[in-house]
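Visitor: coords below, sequence missing:
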């Protein structure tokens, strides 16, 4: 059963955009965004789990049956493109939920829509943290370190990009020191803060992006490539926390969703307006966070920013289930949001019933003229 | 073995006494009522049930059972990211198997949509309890296949658990609208009805590799 890094599994690294992203990153949460609401609304559900992390889905299906979900209401089908095409094209399927990369999600949205299905898709992200000088320095730095490097940066709501306003550019050194203190290792071991990346290909892709970013002029105050090994796990896909600074907006590290423990600090800006303009120019619009002690700055930022989920002094503002997951710009396809009331609406359709119960059975029930029930008499 | 929770057994008895047995919902009549849930039975199945011990292939889940795909030729490897040891292989479901799943899902929907929403919510109530009881096992699977720390994996499960908790009270969002007296004896009501078979898709390695896309 053992297979070390398989040469045949490695991808060409000149196509990093093709690399699939979520939702191997949340093997329990993302399926639970989908089937509980679909099923409680009265639908049956067919799940194709991530082919990197299927285990949690298997166990959840078993638990759902034990909880009383009748046989056949929840099914699991494994597979790759063939299975996806079957889902997008089979006449029985009425709606498709997808969380993952833009390339796959846009294909599923188009292919599913072409076959008359509803499609909701949460796609790529480049989540910016904006530092305003009146924020509490230590708490802000700690929040950035956790949100940038936690889960090895493999969250669709990871704070992967930092925009420092004014003097907060000096805080980057504190973030570097915080990143150095994190322990990288196997997720099962006590005291570990940052686990490995999902695959060898993912690790190599992150390394190649860092290489290219530095070659194209980015500075690298914290380099996670040099000491990429972890004692006892020589074959793991580890990348240590990395900070890139003075990254221009045309640098590959700014353009790509890296999906690794890499914090990309843009060239510093002078004003909040500059920061808002920079963030709004990014094609993605998943999450954003502003750190400030100013209500006026927070209000201005909240109302002018183009992002679906805004955190004010909250690093990862993933909405709770009574709200909905609300992407913006290229981070979303489809008209209905995941979960919350909009999620229920995605999995349901309205049927409107008009009834006429006249007392007198001689009353006319309609003639050749279009009914005009609301006309003045 | 499928175990029926007590609340469903009670419901079935009420349903049969009120409507006579011929009106017992089909999805209930097809189930076994012989055994009560026990602590042992309510624990999640061990991995051998859904990951073929001899084949190393993950199974599909069809009609409440883990079923091996007949395709043992093309599959996707699952590695432990901390060691790159092979955990198992995910098969490509065949077209015929997919069609069969669609048929079972459609048949299940025809019965499930008739189950009162309160009972559907109660299944979610049971599910949230089972997820809480099995959080450690779920988190262990996540860390094994995804690599994130156990503490983070438990957070993954918890944020999903909150979704199930909300599904226990989804009925208010299923309310339609009504307007009485739009003409002298005419009323209008809208109902919010389920769609049928819905699908969820996880990550797609093969699709992304094969797709035509211009950067």
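Guide: Thanks, I have it. Computed from a predicted model, the values in this text were never measured in an experiment.
Visitor: name the helix or strand for residue B:109, please.
Guide: Per DSSP states H and E: residue B:109 is located in helix B:95-112.
Visitor: what about residue B:123, distance to residue A:163?
Guide: 46 Å (CB to CB, to the nearest Å). C-beta here means a position set from N, CA and C on the backbone, and glycine is covered the same way.
Visitor: right, I mislabeled it, should have said residue B:178
Guide: Using CB to CB, residue B:178 is found at 50 Å from residue A:163.
Visitor: of the two, who's got more company?
Guide: When residue B:178 and residue A:163 are compared for neighbours, residue A:163 comes out ahead with 25 against 12, by other CB atoms under 10 Å in any protein chain shown.
Visitor: if you count neighbours, what's buried in the lengthiest helix in chain A?
Guide: Counting residues, the longest helix in chain A under DSSP state H turns out to be helix A:200-215. Buried residues in helix A:200-215, counted by 16 or more other CB atoms under 10 Å in any protein chain shown: A:200-207, A:209-210, A:212-214.
Visitor: what packs against the helix or strand hosting residue A:65?
Guide: According to DSSP H and E, residue A:65 maps onto helix A:55-66. Other elements packing on helix A:55-66 under the criterion 3 or more CB pairs under 8 Å, 6 or more residues apart in numbering or on different chains; DSSP states H and E are helix A:29-40, strand A:74-76, strand B:60-62, helix B:117-133, helix B:135-146.
Visitor: pLDDT below threshold where in the stretch 151-300 of chain A?
Guide: Judged by pLDDT under 70, the stretch 151-300 of chain A has its weakly predicted residues at A:227-228.
Visitor: farthest residue from the center of chain B?
Guide: residue B:184 (46.6 Å; CA atoms, centre = their mean).
Visitor: now that one: closest residue in space, sequence neighbours ignored.
Guide: residue A:358 (7.7 Å; CB to CB, 6 or more residues apart in numbering or on different chains).
Visitor: what's the one you found sitting at in phi/psi?
Guide: Main-chain dihedrals, residue A:358, degrees, to the nearest 10: phi -70, psi 140.
Visitor: list the residues that contact it.
Guide: By CB atoms under 8 Å, 6 or more residues apart in numbering or on different chains, the residues touching residue A:358 are A:365, B:184-185.
Visitor: and of those, the nearest to residue A:321?
Guide: Of all the contacts of residue A:358, residue A:321 sits closest to residue B:185, with 42.3 Å by CB to CB.
Visitor: tell me the pLDDT at that closest one?
Guide: What the model reports for residue B:185 is a pLDDT of 93.
Visitor: could you pull up the contacting residues of it?
Guide: Residue B:185 touches A:356-359, A:363, counting by CB under 8 Å, 6+ apart.
Visitor: please report how far the closest residue to it other than its chain neighbours lies from residue A:365.
Guide: The shortest distance from residue B:185 to any residue other than its chain neighbours is 4.6 Å, reached at residue A:358 (CB to CB, 6+ apart). Separation of residue A:358 from residue A:365 (CB to CB): 8 Å.
Visitor: the most centrally placed residue in chain A: what secondary structure?
Guide: Nearest to the mean C-alpha position of chain A, counting by CA atoms, centre = their mean, stands residue A:156 at 3.0 Å. Per DSSP: H, G, I helix; E, B strand; the rest coil, the local secondary structure of residue A:156 is coil.
Visitor: the longest strand in the chain is where?
Guide: I went with chain A, as the question did not name one. strand A:348-356 (DSSP state E).
Visitor: should've been chain B
Guide: strand B:186-194.
Visitor: before we move on, the earlier item: so which of the contacts of residue A:358 comes closest to residue B:130?
Guide: Using CB to CB, residue B:185 comes nearest to residue B:130 of the contacts of residue A:358, at 50.1 Å.
Visitor: let me see the domain layout of chain B.
Guide: As given by automatic domain parsing, the domain ranges for chain B are B:1-42, B:46-112, B:116-174+B:190-198.
Visitor: could the contacts of residue B:185 go into a markdown table alongside pLDDT?
Guide: Listed next are the contacts of residue B:185 as a markdown table, based on pLDDT from 0 to 100:
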| residue | pLDDT |
| --- | --- |
| A:356 | 94 |
| A:357 | 94 |
| A:358 | 93 |
| A:359 | 91 |
| A:363 | 80 |
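Visitor: let's see if you can find the most crowded of those residues.
Guide: Result: residue A:356 is most packed of these (other CB under 10 Å), 15 neighbours.
Visitor: returning to what we had before: just checking, what packs against the helix holding residue B:109?
Guide: Applying 3+ CB pairs under 8 Å, 6+ apart, we find helix B:95-112 packed against strand A:44-48, strand A:74-76, helix A:81-89, helix B:26-29, strand B:60-62, strand B:197-201.
Visitor: is chain B contacted by the third one?
Guide: When you say that, I think you mean helix A:81-89. Yes: using CB under 8 Å from any CB of the partner chain, helix A:81-89 reaches chain B at A:81-84, A:86-87.
Visitor: show me what residue B:61 bridges to in the sheet.
Guide: residue A:76, residue B:66 (DSSP bridges).
Visitor: how far away is it from residue A:100?
Guide: 21 Å.
Visitor: where does chain B have low pLDDT?
Guide: Using pLDDT under 70, chain B drops low at B:1-44, B:203-215.
Visitor: residues contacting residue A:123?
Guide: Contacts of residue A:123 (CB under 8 Å, 6+ apart): A:100-102, A:105-106, A:327, A:330-333.
Visitor: in helices, which of the residues you listed appear?
Guide: A:102, A:105-106.
Visitor: tell me which of those is nearest to residue A:49?
Guide: Closest approach between the ones in helices among the contacts of residue A:123 and residue A:49, by CB to CB: residue A:105, at 16.2 Å.
Visitor: spatially nearest residue to that closest one, not counting backbone neighbours?
Guide: Per CB to CB, 6+ apart, closest to residue A:105 is residue A:121, 4.0 Å.
Visitor: residues contacting residue A:157?
Guide: A:125, A:127, A:286-287, A:309, A:316-318.
Visitor: quick one: it and chain B, what's the gap?
Guide: 11 Å (CB to the nearest CB, to the nearest Å).
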